[in-house]
Structure formats: C-alpha cells, structure tokens
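*Asks:* Predicted model, plus sequence, below.
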Amino acid sequence: MDTTQSAQHSTASIDAMGAISTVHIVLMIVLAVAAILVIWWGTVLRRRRREADEQVAENREIAEDAGATAPPTVESPMGDDVPAVPVAAPEPAPQPAPAAAPEPAPRPEPEAVPEPAPVAAQPVPEIVSAPSTGPELTQLKGLGPKLAATLAELGYTRVEQIADLTPTEAEALDARLGAFQGRMARDRWIEQARLLTAGDRAAYEAQFGKL
C-alpha cells in the first residue's frame, strides 16, 4: 500500500515539474520574440530618422541652389477664396545727411620735372590660357555646390579623382560626408565620373539624363 502511494506521489511530482518547465519555455519564447521585435523597431526608427535627415539636407541644398527669395505671405483670415497678401519688408529708417566736409587746403604747384627720355616699347608677351581641368564636380547628378564645397575641403576638386576611387576609398570618403552620407552610392557618382572622364556623353545621357 505504501509503495502504491509513493509511486502516485512521484508521478504527480513529475507531472507538476513538466507543467512548470513548459510554462518556463513558453515564457522564454515570448520574451525572446518581444526582444527581437524591440530591436527590429529600433532599427526601423533609426533608418527612418537617417532618411529624414538626408531628405531635409537635400531639400535645403535644392532650396539654396534655386536661390528662392520670395517674401513671406500671410494667410487670409477669410479662407482660401481670398488671396494671401505678401508681407512687405519694413522701409529702412532715413539716414541723417552727412556733414559737409571741410574744403581742402590749396596744394602748392609741383615743380617742373624734366621729361625722361622715351623708352623703346617692349613687345607684350602673349598670354596663353590654362588648359581646362575637365568637367566640374557639380556636373555629377545629385552633387550640388554645397556638397562640392564639402568635397573640396576633403581634397576632392576634380571629377577624375571621383572616377579613380577604389571601393575602400569610396567607403572611407562616404563616411566623412556627415549628413550627406549615402549619397555617393545612391546617385552613382563613380559611374557618372568615369563616363564623363572617358568623354562618353551618349552613354552618360542614356543612363543619367541630359547634361
């Protein structure tokens, strides 16, 4: 009789341990899935923020290139049917009239100086214009004046330098572009530069549009 009760207690203990182990495994799986979801969502947010920063920088560069100077407008309180009136810039305050300058004292007449003997005219050397250094960096699609200035600060001023970049050099240069990081691969600068350097305008315009 005691043996039967002991066996029943052992069986019940094993069943309880099996149930507890199953619960633990399920909890661990749920926690692992939750951690993966959190990491994935954080990665998505970082990528979206970086893309938003790049878009803002690109929009700012486009606005600078366009040189937009339109005056700010005030929305009409009567709705969209009434056109908005541009805000006029305040007129500058009138400046006081400058005081009259004192009359200069009369200068003494210079003494007569004998004229020098005429010198034979020397031939003027012909000025030869310097040869062109090739297309400018701003001819690359997606590379505006601001990016060109940034590249110049890093020592890149010619299209030939971009065309000669190795994959390792291109990766190192892209890492130093700050908010413009990723533009080199996205706009395919190296491919553009190599076509421009080779003078293959037809192939360039077939892939990237008119120059």
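*Replies:* Arrived safely.
*Asks:* use CA for all of it now, contacts and neighbours both
*Replies:* OK.
*Asks:* mind exporting stretch 176-185 as PDB, just the C-alpha atoms?
*Replies:* What follows is stretch 176-185, C-alpha atoms only, in PDB (Å, rounded to 0.1, in the frame of the first residue of the first chain):
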ATOM      1  CA  ARG A 176      33.200  61.600 -43.900                       C
ATOM      2  CA  LEU A 177      30.300  63.300 -45.700                       C
ATOM      3  CA  GLY A 178      28.200  63.700 -42.500                       C
ATOM      4  CA  ALA A 179      24.500  64.400 -43.300                       C
ATOM      5  CA  PHE A 180      25.200  63.500 -46.900                       C
ATOM      6  CA  GLN A 181      26.400  60.000 -46.200                       C
ATOM      7  CA  GLY A 182      25.000  57.500 -48.600                       C
ATOM      8  CA  ARG A 183      24.600  60.000 -51.500                       C
ATOM      9  CA  MET A 184      27.600  58.700 -53.300                       C
ATOM     10  CA  ALA A 185      26.200  55.200 -53.800                       C
END
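*Asks:* Does the residue lying closest to Ala179 once chain neighbours are set aside lie in a helix or a strand, and which?
*Replies:* For Ala179, the nearest residue in space outside its immediate sequence neighbours is Glu54; the separation is 6.1 Å by Cα to Cα, 6 or more residues apart in numbering. In this assignment (DSSP states H and E), Glu54 forms part of helix 2-66.
*Asks:* Average pLDDT for that helix, rounded please.
*Replies:* On average, the pLDDT along helix 2-66 is 79.
*Asks:* returning to that earlier point: what sits against the residue nearest to Ala179?
*Replies:* Each residue near Glu54 by Cα atoms under 8 Å, 6 or more residues apart in numbering is listed here: 179-181.
*Asks:* Considering those residues, which is situated nearest to Ala19?
*Replies:* Gln181 (53.5 Å; Cα to Cα).
*Asks:* mind checking which helix or strand Ala152 is in?
*Replies:* Here Ala152 sits within helix 145-153, counting by DSSP H and E.
*Asks:* contact partners of that helix?
*Replies:* Here helix 145-153 makes contact (Cα under 8 Å, 6+ apart) with 61, 65, 137-138, 157, 177, 180.
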